[in-house]
Each structure stands twice: as structure tokens, then as C-alpha cells.
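**Q** Sequence and predicted structure, then a few things I'm wondering about:
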Amino acid sequence: MLTNIVSVIFLIAVGVQIFYILIIFGRMSFFYKRKIKDPLSNPEGVTVIVAAHNEKENLKKLIPAVCEQDYPNFDVMIINDRSWDGTRGLLEEMMSQYPKLRTVTIEYTPDHVTAKKYALTLGIKVAKNDVLLLTDADCIPKSNKWIELMTAPVRNEGKTFSLGFSQYNYGKGLLNQWIQFETLWTGLQFLAFAIWKSPFMGIGRNLSYRRSFFMDKKAFKGLWQINGGDDDLFVNQYANGKNTAVVISPESITLSTPKTSWKSYFIQKKRHFHAGKYYQAGDKLKIGIYSFTHLIFWVTGIYLLILLGLEQNWEHFSVFLGIIIVRSILLTSVFTSARKKLEGKTKVFWTGFFDLMYLGYFWILGALGYQSKKVRWK
């Protein structure tokens, strides 16, 4: 009797999982082909915004890569947020070399606001152009068409938000492999839901919107006290199916420096999960349904395999094992196609293993981040 009940629960979870994998995520991976007609038809001015706290070494790489973009009308605003590592001297030196470069220096942060939001707000207030393109100091555009492609929906199509993908640099070791998986999985989720006219987040490493919209909404009103959320919560609060577009192209992404220790990675992700507790209820639900059925799928699936194996019921054992393998194949196919569209690469390794590992990541680290009362930006 118990086995029958668990089997039914397992099959329901499988059905929900397949729906998400094929219908929601599969649409982006297999069928989505967004064509941007003549992205330079309206070469409106763009200001690239970067908040930097002790990022001297990263800025040495970022500034040339951004200032040499193939776009006719843009400038670069680096917000020097209370740095003491020589960032100010570097910026003064590089401004003479790159005329497009501008800077604002933050000397202190008021007690009632969070550091990065305050820095971004001051920088955006004095931005030269209305179209903004945000990234982080440890990011590098993958191509010189980044500005052109990422801002095209805002410039040409009247969109409020343009959401892009940000990849992490590849390296050796299990941590880096996991970071590649988790980053691709996160990108697949928020871009796929945006394609389905149901956006719920964006990432500050690759995000475009208008300065006038930001100011009309009184900057980060209602979000000042929350560490993090300058990107995903801002998008979550105001994005909808009509005012948001995604840009999916290997030439439109940014490359970021990944964490090299599990401790620093967990701190980063704890902050991200902390921001997620402030998502709108409907967005929590659509993410939660997948995550809950994902948990049920693996728990009941493993339970059934162990039980049927002990009973030596190999006929039913092979059926449930086959279902698990089929789902893994479908998920790997979705990941492979998504990676090709986003990064220009086709191989995806260890999808099944990392999919199982994701359970602990989401339910343990996610719970810690969700329940935490305070996290830090840097």
C-alpha cells in the first residue's frame, strides 16, 4: 500500500518536472529565436554603470574592455565606493587615457541604507545618458558588441528592462564545475520565465534600464534596508511581460571571476537567497513548485529504487530507473541547448550529479539565506 502511494507521488512529481523542463525551460533552449532588427537604428547615448569597492586590479581589465566597445555614443561611469586600495589614483590615471571614462567617489554610506544601492543611486543620478547598462567590476564583456546588443530592446523597442546572461570564467576543480552548472541553471530559469512573459529577476552583472525610470520610481524605494537586491529585487518589483525583454547571444554576455573557495561562495549565495525572500508571492510560487517537486522526485525515486531492489522486484525497478534516466536525459538536452545559445558552447558535464547535488544547495543554503536577518555586500 505504501509503495503504491509513493509511486503515485513520484509520478505526479515527474509530470510537473517534465512540464517545467520541456515546456518552460525547453522553449528557450530549443525554440526561442529572438531577432533584433538593426540594433543601431537608434544609437541613443548609453552610460555603463559600475559600482566598485576596492576593485583596482579588476578595473584595470574592465575599463579598457568597456571603453573600446563598438558603439558610437556611450560613456562609462565608475562609482568608487569608499575604496582604499588605490582605486582613486588608477581612475585619475585612466581618465586621461580614456575620454569616455567618468567617476564619482563615495566617501561614506549613511546608516539607514546599504552600501551598493547608495553607490549606484549616486552614480545613476549624475549619469550622462538615459539608457543605463549595469555590470560589476569583476566582469568583462565577452565581445565589443555588448553595449549595442544589451541596450537594443531599451533603445529600439521601448522596453523598460533588458535582461542578459553572465557567465563565470572556467577553471579547474569541483567548485568551478558546480559554479558553471548553478550559473547556467539560474540563467535558464530567469530568462525562460521572462520569455514566457513572467519575469521575476535579473542580474546586476548584465542589466539595462532607463535612468528616468529609475528616478521616477525613487531609486530603490522600499529596498534600502535589504543587503543585495539592487538587481533581482528591483527587476522583481517592476518588471512584467510587456516591459521586459531578454537578450540571448554569446556576444551579449559578460564574463565574471568565480569564487575560489567554498566559504566565499556560500557567503555570496547566502546573500542571493536572502534577497529571494522578498520576491513577490507569485514568483516564489512558480519557483517553489519546481523546487518542491524536484525534491519529491528524488526522495521518492531513491526510496522506490532501494525498496524494489531489496525486494528484488527488478521489473518495476527498471521502470522507475528508466523514468529517472529519461528525465536526466531531457534535462541534459535542455542544458546543452541553453548553453549553446547563451555561451556558444555545447558540452555540459555532470548534469545528473549536479541536479541531485542541487537539492542540498537549495534546501540547506537556501533556508539559511532565507532565515538570515543580515548579510553583507562585500
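**A** Received the coordinates, thanks.
**Q** Report the backbone C-alpha coordinates of stretch 96-114 in CSV.
**A** The C-alpha coordinates for stretch 96-114 follow below in CSV (Å, rounded to 0.1, in the frame of the first residue of the first chain):
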residue,chain,number,x,y,z
SER,A,96,43.4,60.8,-19.2
GLN,A,97,43.8,57.7,-21.4
TYR,A,98,40.1,57.0,-21.9
PRO,A,99,38.0,60.2,-22.6
LYS,A,100,34.7,58.2,-22.2
LEU,A,101,35.6,57.4,-18.6
ARG,A,102,34.0,59.3,-15.7
THR,A,103,34.0,58.7,-12.0
VAL,A,104,32.1,59.5,-8.8
THR,A,105,33.7,58.9,-5.3
ILE,A,106,31.7,57.8,-2.3
GLU,A,107,33.3,58.9,1.0
TYR,A,108,30.7,57.3,3.3
THR,A,109,27.5,55.5,3.4
PRO,A,110,24.5,56.7,5.6
ASP,A,111,23.4,54.2,8.3
HIS,A,112,19.9,53.7,7.0
VAL,A,113,20.9,52.5,3.5
THR,A,114,23.0,49.6,2.1
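**Q** could we number from 34 for the rest of this?
**A** Taking 34 as the first residue, the last one we looked at is stretch 129-147.
**Q** What are the buried residues along that stretch?
**A** 133-137, 139, 146-147 (16 or more other C-beta atoms under 10 Å). (Glycine included, C-beta is placed from N, CA and C.)
**Q** So which residues lie in contact with it, not counting its own?
**A** 96-97, 100, 107-115, 121, 124, 127-128, 148, 151-152, 155-156, 159, 161, 257-261, 410 (C-beta atoms under 8 Å, 6 or more residues apart in numbering).
**Q** now stretch 341-355
**A** By C-beta under 8 Å, 6+ apart, stretch 341-355 touches 40, 43, 334, 337-338.
**Q** let's go with 6 Å and repeat that
**A** Leu337 (C-beta atoms under 6 Å, 6 or more residues apart in numbering).
**Q** Just the endpoints, please. Distance across that stretch?
**A** Its first and final residues considered, stretch 341-355 spans 14 Å by C-alpha to C-alpha, to the nearest Å.
**Q** Please tell me how far that stretch is from the chain's geometric centre.
**A** Put simply, stretch 341-355 sits 39 Å off its chain's centre (C-alpha atoms, centre = their mean, to the nearest Å).
**Q** and it, which residues are buried?
**A** Buried residues in stretch 341-355 (16+ other C-beta under 10 Å): 341, 350, 353-354.
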